[in-house]
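J.: no FASTA, just this:
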């Protein structure tokens with residue numbers, strides 16, 4: 001997956017997705033999210049996505065997870081002018097596509 005230019009708009013939003021799933025489902029969830037977003041660090045993905053792509057991704061993830069045991073958090077950022085990413089410590093992934 002190539003970095004996405006966040007200056008391009010066209011109906012896309014920036015999202016941060018975090019997940020807490022049972023160990024036996026972690027790899028399936030990670031692989032599914034990796035099809036749509038960029039890995040940022042353990043249990044965190046981020047990137048630009050359209051609403052329809054996000055809905056499709058979530059629909060596919062709901063088939064993997066157990067909603068009684070697992071959780072997925074989605075943070076939508078529609079205005080990047082009010083967004084700043086600060087990293088303290090080791091950077092686990094490239095940041096060129098964010099700032």
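T.: Yep, it's here. Treat the numbers as computed from the prediction; the structure is a model and nothing was measured.
J.: tell me where this structure has strands.
T.: Using DSSP state E, the strands of the chain run over 12-20, 38-41, 44-50, 71-77.
J.: run through who's touching the first one.
T.: It refers to strand 12-20. If you take C-beta atoms under 8 Å, 6 or more residues apart in numbering as the criterion, strand 12-20 is touched by 6, 29, 33, 37, 40, 43-51, 54, 70-78, 80, 83, 98. Placement of C-beta: from N, CA and C, glycine included.
J.: try the last one
T.: Strand 71-77 is contacted by residues 13-21, 29, 54, 58, 61, 65, 83 when judged by C-beta under 8 Å, 6+ apart.
J.: just how off-centre is that strand within its chain?
T.: When distances are taken as C-alpha atoms, centre = their mean, to the nearest Å, strand 71-77 is centred 8 Å away from the chain's centroid.
J.: what are the buried residues along it?
T.: Neighbour counts over strand 71-77 (16 or more other C-beta atoms under 10 Å) mark residue 72 as buried.
J.: ok, residue 57 touching residue 34?
T.: No - Residue 57 is not in contact with residue 34 according to C-beta atoms under 8 Å; the separation is 10.5 Å.
J.: which of these two has more neighbours?
T.: Remark: of residue 57 and residue 34, residue 57 carries more neighbours, 21 against 12, as counted by other C-beta atoms under 10 Å.
J.: give the contact list for the more buried one.
T.: Contacts of residue 57 by C-beta under 8 Å, 6+ apart are 32, 33, 35, 36, 37, 49.
J.: that one and residue 77, how far apart?
T.: 16 Å (C-beta to C-beta, to the nearest Å).
J.: quick one: residues contacting residue 36.
T.: Here residue 36 is in contact with 45, 47, 49, 53, 54, 57 (C-beta under 8 Å, 6+ apart).
J.: what about the third one, neighbour count?
T.: Right, residue 49. 23.
J.: what bridges to it?
T.: Beta-bridge partners of residue 49, counted by DSSP bridges, are residue 13.
J.: can you tell me which of the strands of the chain is nearest to residue 88?
T.: For residue 88, the closest of the strands of the chain is strand 38-41, at 12.1 Å, according to C-beta to C-beta.
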